[in-house]
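A.B. asks: Build the 3D model from these lines:
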Amino acid sequence: MGRLSEIASVGKAAVLTMEMQRGVVGDLAVIRALADVVSSEGIPKRLGALVAGARSAGVPVVHCRAAFRRDRKGSF
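C.D. replies: The predicted structure is shown next:
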């Protein structure tokens, strides 16, 4: 395994965010306890700083979110 600077260099790395939408950890969260922990730990602010740093360094940022068909086929 290479050094972090080699592995995470521009063109070889990206920041992926998952499950950070309002319906999961925000004001529309279904699991309120999860949203409360995320908020109390400062995750949104810390993630914002990480994403800003990645963008300023030219590292791509991809926000992932789940989408489901109405019939839920293909869902787990």
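A.B. asks: quick one: stretch 63-75 to chain centroid distance?
C.D. replies: Distance of stretch 63-75 from its chain centroid, counting by CA atoms, centre = their mean, to the nearest Å, is 17 Å.
A.B. asks: what about the strands in the chain?
C.D. replies: Assigned by DSSP state E, the chain shows strands spanning 15-18, 61-64.
A.B. asks: Dump those strands to JSON lines, plus mean neighbour count.
C.D. replies: All C-beta spots, glycine's among them, are computed from the backbone N, C-alpha and C. Listed next are the strands of the chain as JSON lines, based on neighbours: other CB atoms under 10 Å:
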{"stretch": "strand 15-18", "mean neighbour count": "13"}
{"stretch": "strand 61-64", "mean neighbour count": "11"}
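A.B. asks: For those strands, give me TSV that also has distance to Arg55 and mean pLDDT.
C.D. replies: Formatted as TSV, the strands of the chain follow (distance: least, CB to CB, whole Å; pLDDT from 0 to 100):
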stretch	distance to Arg55	mean pLDDT
strand 15-18	9	94
strand 61-64	6	93
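A.B. asks: want to try CSV for those, with distance to Ala54 as columns?
C.D. replies: Shown next, in CSV, are the strands of the chain (distance: least, CB to CB, whole Å):
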stretch, distance to Ala54
strand 15-18, 4
strand 61-64, 5
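A.B. asks: mind checking which of those is nearest Arg46?
C.D. replies: strand 15-18 (11.6 Å; CB to CB).
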